[in-house]
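Participant: Build me a structure from this.
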Amino acid sequence: AMKVISHWAQAVNSGKFSKYDFGSSRKNKRVYGTKKPPEYDLSKIDPKTPIAIYHGGEDVIVSEEDTMRLLKELLFYGGPHQSEQLDSVTTDGIDADEKVKRHAKVDAATPKNVVSVHYEEEYAHNDFIWANDAHVRIYPHLLRLMQLHVIKEQRENVTTDCRINHDVDQSPDKLL
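Facilitator: Here you go, the predicted structure:
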């Protein structure tokens, strides 16, 4: 746990998204092959890998600026696309994905493998896991995304010589 906090502090102090700095050029050289820890290479993320970004207005660990920086980095490697519309969970009567679009100006320039950017104004960093209402505000949205992308992947992997059982309703709504 201390190494995680130390790594986070290194990122804050350096302003870089780098691997852990062992504090010794010798140890860094042994582990990474370089005296300083390398930055994470986001270009190695498979563009077909769906990424969902969840962030909150009360997060003191990851700022909105950091979230937007990550989106820009992913955009550089992933390229723009038109966001797929989801039947998202609503928060206070406002669709959460629409809320983030207004709040953070996330639009059609979102990287193609970023399938959702979900913003919760009242959430801090760990609230996405531990908040008393995460089971209502976060988990259904997350499960829906996973179901949609598992189904999408299955459809893409079906070959012409496979037989599909058309008697079974495999729509995302029926999987919930």
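
Participant: got the buried residues for the helix or strand encompassing Tyr54?
Facilitator: For Tyr54, the host element (DSSP states H and E) is strand 51-56. Within strand 51-56, the residues that qualify as buried by neighbour count (16 or more other C-beta atoms under 10 Å) are 51, 53-56. From N, CA and C alone the C-beta is placed, and that goes for glycine too.

Participant: How about stretch 139-159?
Facilitator: Along stretch 139-159, the positions that meet the burial threshold by neighbour count (16+ other C-beta under 10 Å) are 141-142, 144-145, 147-149.

Participant: of all the residues you listed, which two lie farthest apart?
Facilitator: His141 and His149 (12.8 Å; C-beta to C-beta).

Participant: Relative to Tyr40, how far out is the spatially closest residue to Lys3 that is not a sequence neighbour?
Facilitator: Nearest non-adjacent residue to Lys3, counting by C-beta to C-beta, 6 or more residues apart in numbering: Tyr20, 6.7 Å away. According to C-beta to C-beta, to the nearest Å, Tyr20 and Tyr40 sit 11 Å apart.

Participant: Then Arg30?
Facilitator: According to C-beta to C-beta, Arg30 and Tyr40 sit 19 Å apart.

Participant: Pick out whichever of those two has more residues nearby.
Facilitator: Residue environment comparison for Arg30 versus Tyr40 gives the larger neighbour count to Tyr40, 13 against 10, counting by other C-beta atoms under 10 Å.

Participant: I'd assumed Ala11 was in contact with the more buried one.
Facilitator: No. Judged on C-beta atoms under 8 Å, Tyr40 makes no contact with Ala11 at a distance of 10.1 Å.

Participant: Identify the contacts common to these two.
Facilitator: Residues touching both Tyr40 and Ala11 (C-beta atoms under 8 Å, 6 or more residues apart in numbering): 17-18.

Participant: Having no further points to raise, I will conclude here.
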